[in-house]
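In: Need a 3D model of the following:
(one chain, ligands or ions: 1)
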Amino acid sequence: MIREFASTNSAPSDFKMERDMLLERKVAVVTGAASARGIGRATAKRFAEEGAKVVIVDLDAEAAKAAAADLGSEHLGIGANVTDEALIHDAIEATVARYGQIDILVNNAGITQPVKTLDIKRGDYDRILDVNLRGTLICSQAVIPHMVSNGGGSIICVSSVSAQRGGGIFGGPHYSAAKAGVLGLAKAMAREFGGKQVRINSVTPGLIATDITAGKLSSDQEAAIIDGIPLARLGAATDVANAALFLASDLSSYLTGITLDVNGGMLIH
Ligand code: NAD
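Out: I've put the predicted structure just below:
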């Protein structure tokens, strides 16, 4: 299908072009996509704009359904905690029952906590590792067999610059560890399932303006952070959504096991 496309970048160009939609006939599951200003929601929206049927999986069923309905009636919202194997299994089975296939999974659901090493309690560690890392494994385990039997797929794991630079701006060391774990897990899964044409890649966002950090940084802190970003702004959820779109689509057909930085140059390595 052909449609008109206008760039949504913050430095908009005035070109328009006509082209095929990138995710026509694809079915995508995006976890943690109910949050209105979040990376998951922006990704779900971007995927839907490119022709995908999108399944939003988030903690609160009503919020997930409302977010899906917002995208259009052909999309689906399901309430499930990514740390709960049985619930995720049911969510994936419901997706396959409705659409017959899953082509794309975005492991986006995540939580953070701004504490220092000596203040990390066992429960904090468990919570942060469970959602960010175990959740990525559980959702991937539920989806991969369907991708394999369908001839392939693309999984995008949302890690963080925090994993790469030894601590982010906001999350504590346990968050860095969880997100570094995500990178290792994604690379190992990429190696294991490449032969089945399941591509598995990660994105490492820098500081993105969403509810995960909203109101938690003073304007002085924000200015100091922007000072260290060559592109001189915080990231937008759409910046990450566009990177996820690239990895989800056939534009990245020969990429697996990569880590795609979406950080405005905050970390250049
Ligand atoms: P957000 O808080 O706006 O969205 C997170 C979403 O995940 C929410 O909808 C929440 O309900 C959902 N969620 C949380 N725990 C869940 C669980 N157990 N099961 C299912 N859903 C769950 O945050 P965001 O900034 O959009 O973050 C999205 C991802 O990007 C996270 O993995 C985060 O760690 C990562 N990230 C964010 C930034 C940033 O600066 N915002 C930077 C790097 C990485």
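In: Can you tell me, leaving aside adjacent residues, what's nearest to the residue of the stretch 101-250 of the chain found nearest the ligand?
Out: Nearest residue of the stretch 101-250 of the chain to the ligand: Gly110, at 2.1 Å (Cβ to the nearest ligand atom). Just so you know, the C-beta spots here come from the backbone N, C-alpha and C atoms, and that holds for glycine as well. Residue nearest to Gly110 in three dimensions, not counting chain neighbours: Asn132, with 4.9 Å by Cβ to Cβ, 6 or more residues apart in numbering.
In: The helix or strand where Glu192 lies: how far from the chain's middle?
Out: Under the assignment given by DSSP states H and E, the secondary-structure element containing Glu192 is helix 173-193. A distance of 14 Å separates the C-alpha centroid of helix 173-193 from that of its chain, computed with Cα atoms, centre = their mean, to the nearest Å.
In: what do you get for stretch 49-60?
Out: Put simply, stretch 49-60 sits 12 Å off its chain's centre (Cα atoms, centre = their mean).
In: in it, what's buried?
Out: Within stretch 49-60, the residues scored as buried using 16 or more other Cβ atoms under 10 Å are Glu49, Glu50, Ala52, Lys53, Val54, Val55, Ile56, Val57, Asp58, Leu59.
In: Can you name the residues bridging to Asn201?
Out: According to DSSP bridges, the residues that bridge with Asn201 are Ile156.
In: Surely Val55 and Val29 touch.
Out: Yes - the pair Val55 / Val29 is scored as a contact, 4.6 Å apart, by Cβ atoms under 8 Å.
In: any common contacting residues for these two?
Out: Here Val55 and Val29 have Ala91, Thr95 as joint contacts, going by Cβ atoms under 8 Å, 6 or more residues apart in numbering.
In: excluding its backbone neighbours, what's nearest the residue nearest the centre of the chain?
Out: Relative to the mean C-alpha position of the chain, the nearest C-alpha, by Cα atoms, centre = their mean, is the one of Asn108, at 3.4 Å. Here the nearest residue to Asn108 in space, its sequence neighbours aside, is Gly40; by Cβ to Cβ, 6+ apart that works out to 4.1 Å.
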